[in-house]
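> Predicted model follows, preceded by the sequence.
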Amino acid sequence: MLRCAILVSGRGSNMEAILKAKASGDLPIEVAVVATDRPGAPAITIARRYGVNTFEPSPEQAGDKRTFFSILTQKLQELDVDLIVLAGFMRILPPDFLARYPERIINIHPSLLPAFPGLKAQRQALEYGVRFTGCTVHFVDEGVDSGPIIDQRVVPVYPDDTEESLAARILVEEHRLLPACIRLFAEGRLRIEGRRVRILPPTETR
Ligand code: GRF
């Protein structure tokens with residue numbers, strides 16, 4: 001079974017959506033570890049509740065980017081991880097880390113990329129005045145939120161929306177989209193062809 005690592009920095013609701021999907025038998029993966037760069041992150045408490053192996057470096061280790069990524073890499077190698085899922089992980093991955101896991105790192109972002117990359121995507125969407133935004137799951141490359149797109153969900157923006165109400169509406173879709181994309185990966189149904197990701201029908205997988 002596909003061995004996954006989930007990297008988190010904060011609340012952990014997307015991570016929990018993955019763990020729930022797995023618990024309900026909907027996701028054919030092993031969660032080898034939930035790892036964080038923020039010791040004490042709420043996500044880690046949730047992961048422990050699900051009985052998942054967690055990796056939480058000391059504040060000193062987490063504070064030094066080089067040290068953090070070197071101990072993280074060692075941990076992921078030990079655990080023989082096949083896929084790394086960034087679920088609200090707030091650090092840019094260094095090039096040597098990316099090179100170790102080509103086409104094996106995915107991220108969820110709360111906008112319809114390539115619109116509104118980077119921080120505060122929901123606020124960017126409100127300020128720009130778009131009528132629709134959403135969320136995107138994509139492979140991670142060296143840029144910020146710029147890798148090949150696996151799938152997206154569209155969410156309307158209403159005139160009286162606040163950043164919070166919009167974020168909450170997007171989050172509902174995030175929690176569906178991320179497990180669905182991990183499932184496609186686990187089933188071997190994603191083919192990267194340049195910038196485009198082809199989703200193979202279930203029958204072509206074997
Ligand atoms: C989500 O909006 C995700 O798209 C973004 O960071 C947020 C993480 O939320 N990358 P959570 O920690 O999964 O609740």
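Thanks, I have it.

> When you work out contacts or count neighbours from here on, use the C-alpha atoms and nothing else.
Will do.

> okay, how far is it across stretch 19-27, tip to tip?
In terms of CA to CA, to the nearest Å, the two terminal residues of stretch 19-27 are separated by 9 Å.

> Also stretch 135-147?
Start-to-end span of stretch 135-147 (CA to CA) is 14 Å.

> Which parts of the lowest-mean-pLDDT helix or strand in the chain count as buried, going by neighbours?
In the chain, the helix or strand scored least confidently by mean pLDDT, DSSP states H and E is helix 59-63, which has a mean of 87. Using 16 or more other CA atoms under 10 Å as the test for burial, helix 59-63 gives 61-62.

> And for stretch 82-100?
82-90, 93.

> got those residues as JSON lines, with secondary structure columns?
Putting the buried residues of stretch 82-100 into JSON lines (DSSP: H, G, I helix; E, B strand; the rest coil) gives the following:
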{"residue": "Asp82", "secondary structure": "coil"}
{"residue": "Leu83", "secondary structure": "strand"}
{"residue": "Ile84", "secondary structure": "strand"}
{"residue": "Val85", "secondary structure": "strand"}
{"residue": "Leu86", "secondary structure": "strand"}
{"residue": "Ala87", "secondary structure": "coil"}
{"residue": "Gly88", "secondary structure": "coil"}
{"residue": "Phe89", "secondary structure": "coil"}
{"residue": "Met90", "secondary structure": "coil"}
{"residue": "Leu93", "secondary structure": "coil"}
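
> and the longest helix anywhere in the chain, what does it pack onto?
For the chain, the longest helix by residue count, based on DSSP state H, is helix 163-186. With contacts defined as 3 or more CA pairs under 8 Å, 6 or more residues apart in numbering; DSSP states H and E, helix 163-186 has these neighbours: helix 13-23, helix 121-128, strand 132-139, strand 149-156.

> Return the most buried member of those.
Neighbour counts (mean count of other CA atoms under 10 Å) averaged over each of these peak at strand 132-139, with a mean of 24.

> mean confidence for that one?
Across strand 132-139, pLDDT averages out at 98.

> what does stretch 6-18 give?
98.

> quick one: Ala186 and Phe69, what's the gap?
Ala186 sits 25 Å away from Phe69, taking CA to CA as the criterion.

> so what's Thr205 scoring on pLDDT?
At Thr205, the model reports a pLDDT of 47.

> what residues go with each domain of this protein?
1-101, 107-206 (automatic domain parsing).

> Glu56 is in contact with Ala35, isn't it?
Yes. Contact criterion CA atoms under 8 Å: Glu56 and Ala35 qualify, at 6.0 Å.

> out of these two, which sits in the more crowded spot?
Taking Glu56 and Ala35 together and counting by other CA atoms under 10 Å, Ala35 has the greater number of neighbours (26 against 18).
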